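Chemist: here are the coordinates; sequence isn't available:
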């Protein structure tokens, strides 16, 4: 089901029989849109009994703002998230991937949530460490991603290297390629230097579990070239939790052949919080 919330595209999959009144809200990363969650994750979680929603941030997918993408800041994406949260029937668990994880962190500076999951997320320290790592380990990939960010084309090989560690059919890769898009340069600069999350404020807005730990799940991927496991561990240390690294998969955890590795772990965490 596709809905339009004040010109924001929201994809929703609703369960036949709900097991929880707490909805899930998924936030995509750079160059993507809500579509990336609807491939596997939204149907999977709906089948498990959870109302699952994914937003396309402004300038992405079918949402407003495509004509002014480079003027959009991380603060605009945070406002998008708040706009959707307010229109859901109950406060949602927030699940953010890559840039979406960064947006979730910024949202939590000023708003509460029953819990949050960060998948291959940009760390609160920003993009600089990951960018420097790519500069030395995969400079061609970094160059191609910068070209894509600026609205230029890139190759199927670049998309595959950026997102996938596992085999993928050419036809499927071509379809994902057509769905990908450029990203706001202003948002990239915000994540690099100008609008870093304030960890203390984020922690104030996350509830604690019975052990006093924030209700925060941090997942990384073993073969993630964009946000390597070191960044997941950096994120987890910042918030006082332990990172979990998913074996055998790359950055595009929700699109990989073994996407259920991420989905199953996320479902276990959700059911621990909502039981």
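Modeler: Ah, there it is. None of these values were measured; they are calculated from a predicted model.
Chemist: A helix includes residue 261, no?
Modeler: Yes: per DSSP: H, G, I helix; E, B strand; the rest coil, residue 261 lies within a helix segment.
Chemist: ok, it - contacts?
Modeler: By C-beta atoms under 8 Å, 6 or more residues apart in numbering, residue 261 lies in contact with 246, 247, 248, 249, 253. No exception for glycine: its C-beta is placed from N, CA and C like everyone else's.
Chemist: from those residues, pick the one nearest residue 237.
Modeler: residue 246 (18.2 Å; C-beta to C-beta).
Chemist: tell me, how many residues neighbour the closest one?
Modeler: Residue 246 is flanked by 24 other residues according to other C-beta atoms under 10 Å.
Chemist: repeat for residue 204
Modeler: The number of residues packed around residue 204, counting by other C-beta under 10 Å, is 13.
Chemist: equivalent analysis for residue 21, please.
Modeler: Neighbours around residue 21, by other C-beta under 10 Å: 10.
Chemist: residue 96 - nearest residue in space that isn't next to it in sequence?
Modeler: Of all residues not flanking residue 96 in the chain, residue 104 sits nearest, at 3.7 Å (C-beta to C-beta, 6 or more residues apart in numbering).
Chemist: let me fix that, I meant to ask about residue 35.
Modeler: Nearest non-adjacent residue to residue 35 (C-beta to C-beta, 6+ apart): residue 179, at 5.5 Å.
Chemist: returning to that earlier point: can you flag the buried ones in the contacts of residue 261?
Modeler: 246, 249, 253 (16 or more other C-beta atoms under 10 Å).
Chemist: bridged to residue 94, which residues?
Modeler: Beta-bridge partners recorded for residue 94 (DSSP bridges): residue 25, residue 116.
Chemist: so what's it up against?
Modeler: 25, 27, 81, 104, 107, 108, 113, 115, 116, 117.
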